[in-house]
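Peer 1: 3D, please:
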Amino acid sequence: MLFSLNRLTSVVALICFSGFLVACGSGGNGSSGSAVSATTSAGVAGLIKLNQVGFLPESMKLAVVPDVSETGFKVVKAGTTTEVFSGRLGMGVVWDASGERVKLADFSSVKAPGDYQIHIEGLADSHVFTIAADAYEPLLAASIKAFYFNRASAELLSEHAGKFARPLGHPDTQVLIHPSAASDARPAGFVITSPKGWYDAGDYNKYIVNSGIATYSLLAAYEHFPELFDAQNLVIPESGNSLPDLLDEALWNLEWMLSMQDPNDGGVYHKLTNKNFDGTVMPHQATSERYVVQKTTAAALDFAAVMATASRVFAQYENQLPGMSAKMLAAAESAWAWANANPAITYQQPSDVKTGEYGDKNLADEFAWAASELYVTTKNDVFYSAFKPSETQITVPSWGDVRGLAWVSLAHHRDHLTTVADQALIAKRIESLAASLHTAWSVSPYKTSMQKGNFVWGSNSGALNQALMLVQAYRLTGKREYLDVAQSQLDYVLGRNATDTSFVTGFGERSTLHPHHRPSEADEIAEPIPGFIAGGPQPGQQDKSGCNATYPSNLAAKSYLDNYCSYASNEIAINWNAPLVYVTAAVQALTPK
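Peer 2: So this is what the prediction gives:
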């Protein structure tokens, strides 16, 4: 069963797919998983819900229980009646996001390594969960390797991809300038080369704006917790070279991003795309002409922020990548200059292009983020002034609102900033947001900081980005409650939610089986590629008219459909996987041993 993988001490064993995917097939992705996925909404409401992957020995450990008459619960060794702990259930409380009345079971005092279940008289025992010092290492490895599986311009060989090997798709060495992106130096139809990068989501297009927050989150994970990654072996083509595998993977996308900057003026193309979405085919079967479309201010600023970040991260690898750090910083400064000369060019979808927009009319947050990253990297006070600290509030990050990322970098580097930086303001911004999230968590029947209004498209990334910001407060203040709420957000996406689903493919006894992801659907392999997180519940159900399956509920926290047709709740995306990487790493690194 999948839970037993959490005790593997070798990350290599996890991603040696001839072994790992056999285990996946007999657990969350096998026949029993398919049967569980058909459970009705009413049936799900009667289940004990918890993090199906597991816990570190010293982490907070909670389960959500239906409002039954029983007042107590037991923790038993998995598959037995051997009791290791008993506790009292909390009072029944209704969660407005799911319409359920539930109780809470707290078994944080159970710390001995092993496999366990929650037992309550009259209910089915919970999913099996593991307690182990390395409980999240396999999850961390798989969530990073998901980016490898979404590489463009790459053949995935069996020695790296196992059964998910595939031919090269989208070489992107003959990309056309779309009329919306034309200039005197590069007129419409001009051919450029723009290979590499990651497919943005379940489709085969590449977008600078979304690459921005995704790549930054991976770079931040390395900046903040390098010890987790320096010796990690993900079994990717670059494994064993002189860079950590996480940085090798980030570099695959960074090199594509660099190719999206017009060397003639510093502007950055918004996206590289077909004119229409591809069908459900493998990458090498998708052969439509590819275009770079329009330069935008948002693209230039997101590019500038990420390149400034990458410049300082890769500066320590000058011997391995001569000149790369300086190249990235020069590119960032050039994009910044273009954006300031063109401060309000927002994306306008051309009439002949039907793919994703990532349109954004408010650019103040992008200006703030780019300015902060350039300030942190260069220590030039001009950039701190451009950041406008007194005017820049803090929010949970998303691709369309990146203000929070600016404060993350300032907080991390606070001991190395110039004297103009307002240290008290940096701390105040970080802790004020964390305190509000903690308040939401404290009154939540499910013990999550997710509230009813947070269930928007990609809600799982919202949960994880809340956790990312809580981690900053813990790192800043040392207050354990912030780490505990971050843990709760990880618990939420791994099963302690109203759908009783671990939203990460391949992890948990009841995990996402049918993500909206073209390779996972078109490869004729029963289980999905592991390590991807689904978008998650949201009541909009924008795909409902095109689905041959029915959503189990209209309630915000239950409006999730594990079906390929559900791009509104079950698609994958790089900006959703990136905070999964960050939060998993943070919880693994920061939880006391």
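
Peer 1: Residues in contact with stretch 321-334: which ones?
Peer 2: Contacts of stretch 321-334 with the rest of the structure, by C-beta atoms under 8 Å, 6 or more residues apart in numbering, involve 243, 251, 254, 258, 261, 266, 303-308, 310-312, 314-315, 317-318, 370, 373-374, 377-378. Just so you know, the C-beta spots here come from the backbone N, C-alpha and C atoms, and that holds for glycine as well.

Peer 1: Out of the residues you listed, which sit inside helices?
Peer 2: 251, 254, 258, 303-308, 310-312, 314, 370, 373-374, 377-378 (DSSP state H).

Peer 1: follow-up on the earlier one: among the contacts of stretch 321-334, which ones are buried?
Peer 2: The neighbour count (16 or more other C-beta atoms under 10 Å) marks 243, 251, 254, 258, 261, 266, 303-308, 310-312, 314, 317, 370, 373-374, 377-378 as buried among the contacts of stretch 321-334.

Peer 1: Check the gap between residue 122 and residue 46 for me.
Peer 2: Computed as C-beta to C-beta, to the nearest Å, the residue 122 to residue 46 distance reads 10 Å.

Peer 1: Look at those two and report which has more neighbours.
Peer 2: Taking neighbours as other C-beta atoms under 10 Å, residue 122 and residue 46 compare with residue 46 leading, 16 against 9.

Peer 1: Could you check how far the nearest residue to residue 234 once chain neighbours are set aside is from residue 489?
Peer 2: Sequence neighbours aside, residue 245 is the residue nearest to residue 234 in space, at 4.2 Å (criterion: C-beta to C-beta, 6 or more residues apart in numbering). The gap separating residue 245 from residue 489 is 25 Å, by C-beta to C-beta.

Peer 1: Tell me which of those two has more neighbours.
Peer 2: The residue with more neighbours, out of residue 245 and residue 489 and counting by other C-beta under 10 Å, is residue 489; that gives 30 against 24.

Peer 1: Surely that one and residue 583 touch.
Peer 2: Yes: look at residue 489 against residue 583 with C-beta atoms under 8 Å: they come within range, at 6.8 Å.

Peer 1: Find residues that contact each of these two.
Peer 2: 464, 467.

Peer 1: got the contact list for residue 401?
Peer 2: Taking C-beta under 8 Å, 6+ apart, we find residue 401 in contact with 365, 395.

Peer 1: Start the count at 21 instead of 1 going forward.
Peer 2: That works, and once the first residue is 21, the last one we named lands at residue 421.

Peer 1: Need the phi and psi values for it.
Peer 2: Note on residue 421: backbone dihedrals following degrees, to the nearest 10 are phi -150, psi 100.

Peer 1: so it bridges to which residues?
Peer 2: The residues paired with residue 421 through beta bridges, assigned by DSSP bridges, are residue 418.

Peer 1: follow-up on the earlier one: OK, contacts around the residue nearest to residue 254?
Peer 2: 164, 249, 252, 253, 254, 256, 258, 259.

Peer 1: For these, which single residue is the most surrounded?
Peer 2: Each of the contacts of residue 265 was scored by neighbour count (other C-beta under 10 Å); the top score is that of residue 164, with 28 neighbours.

Peer 1: Check which helix or strand that residue maps to.
Peer 2: Element membership for residue 164 (DSSP states H and E) is helix 157-169.

Peer 1: Regarding residue 85, what is its secondary structure?
Peer 2: strand (DSSP: H, G, I helix; E, B strand; the rest coil).

Peer 1: Residue 416 contacts residue 453, doesn't it?
Peer 2: Yes: in this structure, residue 416 is within contact of residue 453 by C-beta under 8 Å, at 7.3 Å.

Peer 1: and residue 355, what does it touch?
Peer 2: Applying C-beta under 8 Å, 6+ apart to residue 355 gives the contacts 281, 286, 287, 288, 320, 321, 323, 324, 327, 390.

Peer 1: export those residues to TSV and tack on pLDDT?
Peer 2: Supplementary listing: those in TSV, determined by pLDDT from 0 to 100:
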residue	pLDDT
281	98
286	98
287	98
288	98
320	98
321	98
323	99
324	99
327	99
390	98
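
Peer 1: Residue 236: what's it in contact with?
Peer 2: Applying C-beta under 8 Å, 6+ apart, one finds that residue 236 lies in contact with 325, 326, 329, 425, 598.

Peer 1: Quick check: chain neighbours aside, which residue is closest to residue 258?
Peer 2: Residue 258's closest residue in space is residue 268 (C-beta to C-beta, 6+ apart), at 3.8 Å.

Peer 1: one step back: now the element after the helix holding residue 164, going C-ward?
Peer 2: Using DSSP H and E, the next helix or strand after helix 157-169 towards the C-terminus is helix 178-181.

Peer 1: Give the buried residues for that following helix.
Peer 2: Residues of helix 178-181 classed as buried: 180, 181 (neighbour count, 16+ other C-beta under 10 Å).

Peer 1: Can you name the secondary structure element that comes next after it?
Peer 2: Sequence order places strand 195-197 as the next helix or strand after helix 178-181, per DSSP H and E.

Peer 1: What is the distance between whatever helix or strand comes next after that next one and the centre of its chain?
Peer 2: Next in sequence after strand 195-197, counting helices and strands by DSSP H and E, comes strand 211-212. What separates the centre of strand 211-212 from the centre of its chain is 32 Å, taken as C-alpha atoms, centre = their mean, to the nearest Å.

Peer 1: ok so, going back, now the phi/psi pair for the residue nearest to residue 258, please.
Peer 2: In terms of degrees, to the nearest 10, the main-chain angles of residue 268 are phi -60, psi -40.

Peer 1: ok, how many other residues are close to it?
Peer 2: Per other C-beta under 10 Å, the neighbour tally for residue 268 reads 18.

Peer 1: again, but for the one 4 residues further on
Peer 2: Residue crowding around residue 272 was assessed by other C-beta under 10 Å; the count is 23.

Peer 1: before we move on, the earlier item: ok, the contacts of residue 265 vs residue 375, which is closest?
Peer 2: Comparing the contacts of residue 265 against residue 375 with C-beta to C-beta picks out residue 164 as the nearest, at 26.2 Å.

Peer 1: In contact with the closest one: list those residues for me.
Peer 2: By C-beta under 8 Å, 6+ apart, the contact list for residue 164 reads 238, 254, 265, 266, 269, 551, 601.

Peer 1: Could you confirm residue 549 falls within a strand?
Peer 2: No: counting by three-state DSSP, residue 549 falls outside a strand, being coil.

Peer 1: what's near enough to touch it?
Peer 2: 166, 169, 184, 525, 526, 537, 539, 540.

Peer 1: Same question for residue 87.
Peer 2: The contact partners of residue 87, taken as C-beta under 8 Å, 6+ apart, are 112, 120, 121, 122, 123.

Peer 1: Could you export the contacts of residue 355 as CSV, including distance to residue 311?
Peer 2: Written out in CSV, the entries for the contacts of residue 355 read as follows (distance: C-beta to C-beta, whole Å):
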residue, distance to residue 311
281, 16
286, 20
287, 16
288, 15
320, 18
321, 22
323, 18
324, 23
327, 23
390, 25
